[in-house]
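Chemist: need coordinates for the below:
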Amino acid sequence: MKCHFCGFQEDRVLDSRSVREGEAIKRRRECLNCGRRFTTYEEIEEMRILVVKKDQRREPFERAKLLRGMLAACEKRPVGAETLDEVADEIERSIYNSGQREVSSAEIGEMVMDRLRRLDRVAFVRFASVYREFEDVTQFKEIIDVLDRPRRRKGS
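Modeler: Next comes the predicted model:
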């Protein structure tokens with residue numbers, strides 16, 4: 001850490017404390033050159049993910065928006081809110097673990113459809129009809145035909 005008094009880049013840490021309910025660490029330091037003391041704060045930098053929409057607009061990823069879409073698809077279905085929370089957590093974790101700063105709305109939609117397909121077939125069809133912007137009944141038949149086909153497993 002660079003001393004802001006003399007610019008020397010070596011110091012020793014005198015004290016470390018957790019602050020802001022564990023969200024940051026406060027460190028009291030002493031410069032090894034001039035002996036002056038100063039305080040630094042360390043915190044995790046949140047990675048902001050942007051969602052790239054179909055029209056190429058970008059907007060911040062919002063877990064709440066993801067959850068709202070799934071809740072709408074699962075309305076009056078035997079899928080609990082806790083289950084949808086877990087699915088949203090899984091998708092969000094997958095997005096952050098990808099290490100990418102941008103993710104397309106199409107990728108997110110496919111992740112949701114994959115999870116809903118396993119969870120509740122009616123919710124899957126509902127979500128797909130909105131997500132893929134169905135315009136006629138034949139598109140419903142096509143998505144139902146997809147449900148009837150056995151799923152390929154990863155690595156197959």
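Chemist: neighbours around Arg29, how many?
Modeler: One way to gauge burial is a neighbour count; for Arg29, by other C-beta atoms under 10 Å, it gives 18. C-betas here are computed from N, CA, C, even on glycine.
Chemist: how near is it to Glu45?
Modeler: 20 Å (C-beta to C-beta, to the nearest Å).
Chemist: tell me which residue is most central in this structure.
Modeler: The centre of the chain sits closest to Glu92, judged by C-alpha atoms, centre = their mean, with a distance of 2.8 Å.
Chemist: could I have the helix or strand hosting that one exported to CSV, CA atoms only?
Modeler: If you go by DSSP states H and E, Glu92 is part of helix 81-97. What follows is helix 81-97, C-alpha atoms only, in CSV (Å, rounded to 0.1, in the frame of the first residue of the first chain):
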residue,chain,number,x,y,z
ALA,A,81,-41.7,-19.6,-4.1
GLU,A,82,-38.7,-21.2,-2.3
THR,A,83,-38.0,-23.4,-5.2
LEU,A,84,-38.1,-20.5,-7.6
ASP,A,85,-35.7,-18.6,-5.3
GLU,A,86,-33.3,-21.5,-5.5
VAL,A,87,-33.6,-21.6,-9.3
ALA,A,88,-33.0,-17.8,-9.5
ASP,A,89,-30.0,-18.3,-7.2
GLU,A,90,-28.7,-21.1,-9.5
ILE,A,91,-29.1,-19.0,-12.6
GLU,A,92,-27.6,-15.9,-11.0
ARG,A,93,-24.6,-17.9,-9.7
SER,A,94,-24.1,-19.4,-13.2
ILE,A,95,-24.1,-15.9,-14.8
TYR,A,96,-21.5,-14.6,-12.3
ASN,A,97,-19.4,-17.7,-12.5
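Chemist: thinking again about what came up before, quickly note the distance from the residue nearest to the centre of the chain to Thr83.
Modeler: Glu92 sits 15 Å away from Thr83, going by C-beta to C-beta.
Chemist: and for Val125?
Modeler: In this structure, Val125 lies at 18 Å from Thr83, with C-beta to C-beta as the measure.
Chemist: ranges for the helices of the protein?
Modeler: Applying DSSP state H to the chain gives helices spanning 63-73, 81-97, 105-119, 121-131, 137-148.
Chemist: figure out which of these is closest to Val51.
Modeler: helix 105-119 (5.4 Å; C-beta to C-beta).
Chemist: and the closest one, how far out from the chain's middle?
Modeler: Distance of helix 105-119 from the chain centroid (C-alpha atoms, centre = their mean, to the nearest Å) equals 14 Å.
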